[in-house]
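Colleague: Could you work out the structure for the sequence below:
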Amino acid sequence: MNFPTASEPSTAGKSSLDPEIKHLRDLSPQQWKSGIAAWLGWLFDGLDMHLYTLVAAPFVMQLIHAESTKSPEVGRYSSIIQAAFLIGWALGGGFFGLVGDRIGRSRALMLTIMTYAVFTGLSFFATEWWHLMIFRFLAALGIGGEWAVGASLLSETWPKKWRAWMAAVLQSGVNIGILLATGVIAGVALITSHLGATHTERYVFLAGILPALLTLWIRRNVPEPEEWHAAKKQTRGNEPGVIDLFRGAVKRTTWLVLITCALTLTAHWAMMFWYGVHLRNHPEVIDLPDADKSVLASKAMFILMAASIGGNFFAAWLARLIGYPKAIATLCLAYAAALSITYGTERPLSQILWLLILIGGCQGVFALFTMYLPPLFPTLLRTTGAGFCYNFGRIVAAGGTVFFGLFTKVGDYRTAIFYAGLLFIPAVFIALGLPNIRDDQPVKAETLLD
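Modeller: Numbers count the residues shown, from 1 in each chain. Below you'll find the predicted structure:
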């Protein structure tokens, strides 16, 4: 059975991927709207994603009535909540990926944004640790779904030869959203300190409601891609399902992507969660006031995200130079080395902050997945395939966040990050087996389902 792909001509008029498009000024208004919607969706993804990681320790400490963020119970419950978030992210990626292939990219994008906005805001009302766990799980459904839907929307409406650079721009939207989260926390701390309020961490979640306003604009201004309409018309209801990812020649690609994403995301999310907790419990920081610890956490996140933005564009340049598989493998190896250098031994706080620049630069590897994965799958399996394969890794990452936390001594989370970083090494070899597609020559995905 064959299904239409990006390589087939659209029947809905001039293709949005017309080879005549060479400059930004050549883009149509519809392409601009699709690009803005996807980028803003990713920006708010980053905002809602990291509000929790920045306040996890002090907020969970309050919810479980612990005496200090150094308490082992704080680390345990914080990691359980993060694990639930990552599982929700994975399930949302698969579910909304399927929704995006069925009802369209634009409609699915609205649903994902509304989901993560509403449930991030509701985290404000949590009074028990398991309340927060449920709200983070439900918010993650939308965050995971937005990744696949936004990536597919852009890959089907903007020129294919720009894929590597589009990946860098989209991923930078996430990075800027994370920086915005640090700004929200700093702003909330400033306002509440003037008001004399205490235990203010929960107020940061109210900012997560703002993305819901974006859905009103998307509903009126962002049409479905021509390619999706054409593919939908040609299938006449005979559409592929998730099981088709494990049939035919596409099966090999599915498994390689699943394993690569599982390894890299487990290592990455263990680092992203535990590094902040490690900073707050560093010997030079542990006795500081909570407000000072929050300022330090924001500073560290700013350094990491600023470096990540640069890393996104370096990764794009590297992919165009040596191809996606080799670029992914190279950056995985660099990420493993960076984590080993930073967390392989105890270091002064100043050294850790400098080394975050190196770690952030390596995180550009995740920008490459953004535009590399969707073209590997047929049009009506695109968000399903990309969402399922990429986000499945988050289920493994959820267990990894808790598992590697078991290696820590009380108050020292350095070893959790060090051991997790070793997972990037096998990912290097798996990534080298991935299909090497060029941005100007999309894979003939219809043959992979024969």
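Colleague: Spatially central residue in this protein, please.
Modeller: Central residue of the chain (CA atoms, centre = their mean): residue 147, 6.6 Å from the mean position.
Colleague: Now that residue: closest residue in space, sequence neighbours ignored.
Modeller: residue 93 (6.1 Å; CB to CB, 6 or more residues apart in numbering). For glycine as for every other residue, the C-beta is placed from the backbone atoms N, C-alpha and C.
Colleague: Enumerate the residue intervals of the stretch 101-250 of the chain where per-residue confidence is below the cut-off.
Modeller: For the stretch 101-250 of the chain, the stretches with pLDDT under 70 are 192-199, 228, 232, 235-241.
Colleague: so what secondary structure elements neighbour the helix ranked longest in the chain?
Modeller: If you go by DSSP state H, the chain has its longest helix at helix 29-63. Under the contact criterion of 3 or more CB pairs under 8 Å, 6 or more residues apart in numbering; DSSP states H and E, helix 29-63 touches helix 72-103, helix 105-122, helix 129-157, helix 163-195, helix 212-221, helix 250-280, helix 290-322.
Colleague: mind running it again at 6 Å?
Modeller: With contacts taken as 3 or more CB pairs under 6 Å, 6 or more residues apart in numbering; DSSP states H and E, helix 29-63 sits against helix 72-103, helix 105-122, helix 129-157, helix 163-195, helix 212-221, helix 250-280.
Colleague: Would you mind measuring from the residue nearest to the centre of the chain to residue 345?
Modeller: 35 Å (CB to CB, to the nearest Å).
Colleague: Next: residue 266.
Modeller: Taking CB to CB, one finds residue 266 at 22 Å from residue 345.
Colleague: Identify each buried residue in stretch 215-224, please.
Modeller: For stretch 215-224, a neighbour-count test (16 or more other CB atoms under 10 Å) marks 215, 218, 222, 224 as buried.
Colleague: and that stretch, how far out from the chain's middle?
Modeller: 23 Å (CA atoms, centre = their mean, to the nearest Å).
Colleague: now stretch 322-337
Modeller: Here stretch 322-337 is found 18 Å from its chain centre; the criterion is CA atoms, centre = their mean.
Colleague: For that stretch, buried residues please.
Modeller: 323-337.
Colleague: Tell me which residues touch residue 189, please.
Modeller: residue 294 (CB atoms under 6 Å, 6 or more residues apart in numbering).
Colleague: higher neighbour count, residue 266 and residue 345?
Modeller: Higher neighbour count among residue 266 and residue 345: residue 266, with 26 against 9, using other CB atoms under 10 Å.
Colleague: Verify the contact between that one and residue 396 for me.
Modeller: Yes: at 5.1 Å, residue 266 counts as touching residue 396 under the criterion of CB atoms under 6 Å.
Colleague: Determine how far the longest helix of the chain lies from the middle of the whole chain.
Modeller: Distance of helix 29-63 from its chain centroid, counting by CA atoms, centre = their mean, is 9 Å.
Colleague: ditto for stretch 151-163
Modeller: The answer for stretch 151-163 is 18 Å, by CA atoms, centre = their mean.
Colleague: how long is it end to end?
Modeller: With CA to CA, to the nearest Å as the measure, the ends of stretch 151-163 fall 10 Å from one another.
Colleague: Of the helices and strands packed on helix 29-63, which stretch is the most buried?
Modeller: Among the helices and strands packed on helix 29-63, helix 129-157 has the highest mean neighbour count (mean count of other CB atoms under 10 Å), at a mean of 27.
Colleague: Report the distance from that one to the chain centre.
Modeller: The answer for helix 129-157 is 9 Å, by CA atoms, centre = their mean.
Colleague: can you check stretch 387-406 too?
Modeller: The chain centroid and the centroid of stretch 387-406 are separated by 13 Å, computed with CA atoms, centre = their mean.
Colleague: Repeat that for stretch 377-391.
Modeller: So, by CA atoms, centre = their mean, the centroid of stretch 377-391 is 15 Å from its chain's centroid.
Colleague: residue ranges for the helices of the stretch 351-450 of the chain, please.
Modeller: Assignment of helices within the stretch 351-450 of the chain using DSSP state H, counting those that start in this stretch yields the ranges 365-372, 382-405, 414-421, 424-431.
Colleague: Which of the ones you listed has the lowest mean pLDDT?
Modeller: Mean pLDDT is lowest for helix 382-405 out of the helices of the stretch 351-450 of the chain, coming in at a mean of 73.
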